[in-house]
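Asker: I would like the atomic coordinates for the input below:
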Amino acid sequence: MKRRFPTALVFVVVAVVFAFVSLLGCGAAERPDGGQGLLPAGAPAPDVFAADQHGAIQRLSDQRGRAVVVYFYPKDGTPGCTEEACAFRDAWDRFKQANVQVFGVSSDTRESHEAFATEHKLPFPILVDTDHTWATAFGVPMRLGTMARVTFLIDPDGKIAKVYPDVDPGVHAEDVLKDAAQLTGAALPVAPAAPGSAAPAGSDGAAPDAASAAPGAASAAPGAASAAPAGAATGTPVPVATGVILPPAAPAPTPAKR
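Answerer: Numbering: from 1, shown residues only. Take a look at the predicted model:
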């Protein structure tokens, strides 16, 4: 005699499978503006706000007049997300020089963000989007409750300038910095030299002196080398003038005649 599965059990299994498939393939959710998929270049950025890891409210429209990077990532503490966050951290000073604000966004809690930022010394805000307001507004797909790794570059007028749907966490920050600097008109800030990098020959780790920087300068100005401050030839730092004029040294005493 064949055994039959109860009809109710069949419906339950089908519903579970359907829900699981929906979680895997919900990449084209409808945005609040009526569109679907990722917010495209040229569209106005949504006026959304959220708390950061410190509990401070960050509103996107408050950043008008500067370029803004909004990067969505899946989860605090995972290898790829840590690599991406640390890359933005290492380039943070250069982003500031180029007048660019950076926001990280994920669905983790504020407590998780705070621990993540503290552990890796992240100097920029990472925003709490547990209700997926930002993800929905930007059309970022969700996969098993986590956000896809997508970045948006917003111009100073508040419009989407570029979308980065395929992100390499290790080099992504440098790529975005180049594009953002063009938006603000800033010269691309130079990355600091890596520790232990080789210094130019003969410099002993210090900047080259005037004679080596301008060939022939010593011969054009006789006695210039002897007028250099003490310590310049050995590469020791020369004290910066503070505006205080020192009195002349007292003359040496004349030897007594015998």
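
Asker: So which residues of the stretch 1-150 of the chain form strands?
Answerer: 49-51, 57-59, 67-72, 100-106, 126-128, 142-143, 146-147, 150-154 (DSSP state E, counting those that start in this stretch).

Asker: got the contact list for the last one?
Answerer: Think strand 150-154. With CB atoms under 8 Å, 6 or more residues apart in numbering as the test, strand 150-154 has contacts from 38-39, 45, 60, 63, 67-72, 138, 140, 160-165, 167, 172, 176, 179-180, 183. Just so you know, the C-beta spots here come from the backbone N, C-alpha and C atoms, and that holds for glycine as well.

Asker: next helix or strand past that strand?
Answerer: Sequence-wise, the next helix or strand downstream of strand 150-154 (DSSP states H and E) is strand 160-164.

Asker: what does that following strand rub up against?
Answerer: 38-45, 67, 150-155, 172, 175-176, 179, 183.

Asker: Kindly report the same for stretch 105-119.
Answerer: Residues contacting stretch 105-119 (CB under 8 Å, 6+ apart): 50-55, 70-77, 81, 85, 122, 126-130, 132, 134-135, 142, 145-147.

Asker: now do stretch 171-180
Answerer: 67, 69, 71, 84, 87-88, 90-91, 94-95, 98, 100, 151, 153, 161-162, 164, 188-189.

Asker: in it, what counts as buried?
Answerer: 172, 173, 176, 177, 180 (16 or more other CB atoms under 10 Å).

Asker: same thing with stretch 184-192?
Answerer: 184, 189.

Asker: burial measure for residue 104, as a count.
Answerer: 25 (other CB atoms under 10 Å).

Asker: ok, now which ones touch residue 61?
Answerer: By CB under 8 Å, 6+ apart, the contact list for residue 61 reads 47, 158.
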